[in-house]
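Undergrad: below are the sequence and a predicted model; questions follow.
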Amino acid sequence: MTSGIPNIDIAPFRLGDAAARHTVAKKVDAASREIGFFTVSGHGVPTEEIDATMAMADRFFLLPEVEKLTIRQPAPQISRGYTPLAAEQLSAGLGEAAPPDLKELIDIGPIEIADDLYHTGPDAGDFFHPNIWPEKPAGFRATMEGYYRRMNGLADTLMEIFAVALGCPPDFFTPHLDRNISALRLICYPEQHAPPVPGQLRGGAHTDYGTLTILTADQAPGGLQARRRDGAWIDVMPSEGSFIVNIGDAMQIWTNDVWISTLHRVVNPPAHLASTARRISMPFFHQPNYDALIEPLPSCVPAGSSPRHPPMSFGAHWTRKWNASREVG
């Protein structure tokens, strides 16, 4: 446990009998109600693959800026390619004014896209825009495509756990996720050689848009914090080999606010360490199909009361929050 963030071994759900699966689901339900964050072990992703992917991301961010800019994000509304330092404000997705975040990043979207109307027609917009791959470092594309598939598979398992935790069939969410618009993001929080301006963080306070986020990061100072229900900010630091998982907006709406899409942020390192505290982070944002209708489950709406959220098209929700973070429109 890290500052009230529970660790949950999901191997019994993956490999065990019905009783073991329900035990895991109950633990996930409790964490999702209380804090909206937990860490998972027993996930089946080899440590060597995680380390190799992290090292590949690190090698890209160490390239000269002119080389990184060869895969620059093609337009503000397109979530692909490289975004240079201080070009995003996550807190703006919640309508909060703040300085830009002290990070640079690459966004990678779906990697296997069918040539049909759903994926290429006007309703698809830019949700399936082709990924933009750098020439260097060698092997970058293959490494990231493999890791994307691995995270998408783990997210499928977690969504089965979510379904069981909510009293639904294990495949309940599958029709909303079978053509998902999930994203792998590689982030570098560089050394800080000058003090941030007032209110400036590595990542401003925000909630994630989709169902869940799976995160791994190195142990450099200046990391993730989550806000508890009482308003206190707590550090979130996983044990070696585990992933951080947090609930996103879509699950909060599906559960009628029973589960929490928790506000979180990435803080600056202590001033005496700032000049050396370079940090690499790799969140996988699991996101439903763009046309998925997200609305409170009847089982989460108390008898005699109304749902706390109207039905929401996930694509419209994603677009609104993304555009705000990039000052689009």
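TA: Good, I have the coordinates.
Undergrad: what is the host helix or strand of Trp322 packed up against?
TA: Taking DSSP states H and E as the definition, one finds Trp322 inside helix 314-326. Taking 3 or more CB pairs under 8 Å, 6 or more residues apart in numbering; DSSP states H and E as contact, the helices and strands that helix 314-326 lies on are helix 249-254, strand 293-294. In this view, the C-beta of every residue, glycine as well, is placed from N, C-alpha and C.
Undergrad: of the ones you listed, flag the one that's most buried.
TA: Mean neighbour count, computed with mean count of other CB atoms under 10 Å, is highest for helix 249-254 among the helices and strands packed on helix 314-326, reaching a mean of 24.
Undergrad: which stretches of this structure have low pLDDT?
TA: Regions of the chain meeting the criterion pLDDT under 70 cover residues 1-3, 328-329.
Undergrad: kindly recompute the last result at 50.
TA: Under the criterion pLDDT under 50, the flagged ranges of the chain are 1-2, 328-329.
Undergrad: about what we covered before: contacts for the helix holding Trp322, please.
TA: Outside of helix 314-326, the residues that reach it under the criterion CB atoms under 8 Å, 6 or more residues apart in numbering are 76-77, 79, 87-90, 92-93, 95, 125, 127, 181, 206, 209-210, 249-250, 287-294, 328-329.
Undergrad: mind running it again at 7 Å?
TA: By CB atoms under 7 Å, 6 or more residues apart in numbering, the list of residues contacting helix 314-326 from outside reads 76-77, 79, 88-90, 92-93, 127, 209, 249-250, 287-292, 294, 329.
Undergrad: over to stretch 112-122?
TA: 124, 128, 179.
Undergrad: so who does Asp208 touch?
TA: For Asp208, the contacting residues are 246, 248-249, 261, 285, taking CB under 7 Å, 6+ apart as the criterion.
Undergrad: out of those residues, who's nearest Ala271?
TA: Within the contacts of Asp208, distances to Ala271 taken as CB to CB reach their minimum at Asn246, with 27.9 Å.
Undergrad: what ranges does the protein have for its helices?
TA: The residue ranges that make up the helices of the chain, judged by DSSP state H, are 11-15, 18-34, 47-61, 65-68, 117-120, 140-165, 174-177, 249-254, 314-326.
Undergrad: among the ones you listed, show me which one is buried the most.
TA: helix 249-254 (a mean of 24).
Undergrad: among the contacts of stretch 112-122, which are located in strands?
TA: Among the contacts of stretch 112-122, none falls in strands (DSSP state E).
Undergrad: any idea how far Gly81 lies from Pro134?
TA: With distances defined as CB to CB, to the nearest Å, the gap from Gly81 to Pro134 amounts to 9 Å.
Undergrad: and these two? which has more neighbours close in?
TA: Between Gly81 and Pro134, counting by other CB atoms under 10 Å, Gly81 is the more crowded of the two (22 against 17).
Undergrad: list the contacts of that one.
TA: Going by CB under 7 Å, 6+ apart, Gly81 touches 71-74, 106-107, 132.
Undergrad: now the strands for the stretch 151-300 of the chain?
TA: With DSSP state E, counting those that start in this stretch as the definition, the stretch 151-300 of the chain shows strands at residue ranges 183-189, 203-206, 212-217, 224-227, 233-235, 243-247, 264-266, 279-286, 293-294.
Undergrad: just the ones you listed: most buried one?
TA: Burial of these is given as mean neighbour count (mean count of other CB under 10 Å); strand 243-247 ranks first at a mean of 26.
Undergrad: so what's the backbone phi/psi at the spatially closest residue to Ile260 that is not a sequence neighbour?
TA: Taking CB to CB, 6 or more residues apart in numbering as the measure, Ile260 lies nearest to Gly36, with 3.5 Å between them; neighbours along the chain are not counted. Listed backbone geometry of Gly36 is phi 80, psi 10, with angles given as degrees, to the nearest 10.
Undergrad: looks like Gly36 contacts Gly248 (just checking).
TA: No. With contacts defined as CB atoms under 7 Å, Gly36 does not count as touching Gly248, sitting 9.0 Å away.
Undergrad: out of those two, which sits in the more crowded spot?
TA: Gly36 (27 against 22).
Undergrad: contact partners for the more buried one?
TA: The contact partners of Gly36, by CB under 7 Å, 6+ apart, come to 246-247, 259-262.
Undergrad: again, but for Pro169
TA: Residues near Pro169 by CB under 7 Å, 6+ apart: Ala163.
Undergrad: what does Cys300 give?
TA: Contacts of Cys300 (CB under 7 Å, 6+ apart): 255-256, 258.
Undergrad: again with Leu69
TA: By CB under 7 Å, 6+ apart, the contact list for Leu69 reads Tyr82.
Undergrad: how far away is it from Glu104?
TA: Counting by CB to CB, the gap from Leu69 to Glu104 is 11 Å.
Undergrad: what's the overlap in contacts for those two?
TA: Contact criterion CB under 7 Å, 6+ apart; residues shared by Leu69 and Glu104: none found.
Undergrad: so what's Asp156 closest to, chain neighbours aside?
TA: Leaving aside its sequence neighbours, Asp156 sits nearest to Leu177 (CB to CB, 6+ apart; 7.4 Å).
Undergrad: also Asn152?
TA: Nearest residue to Asn152 in three dimensions, chain neighbours excluded: Ser182, at 6.0 Å (CB to CB, 6+ apart).
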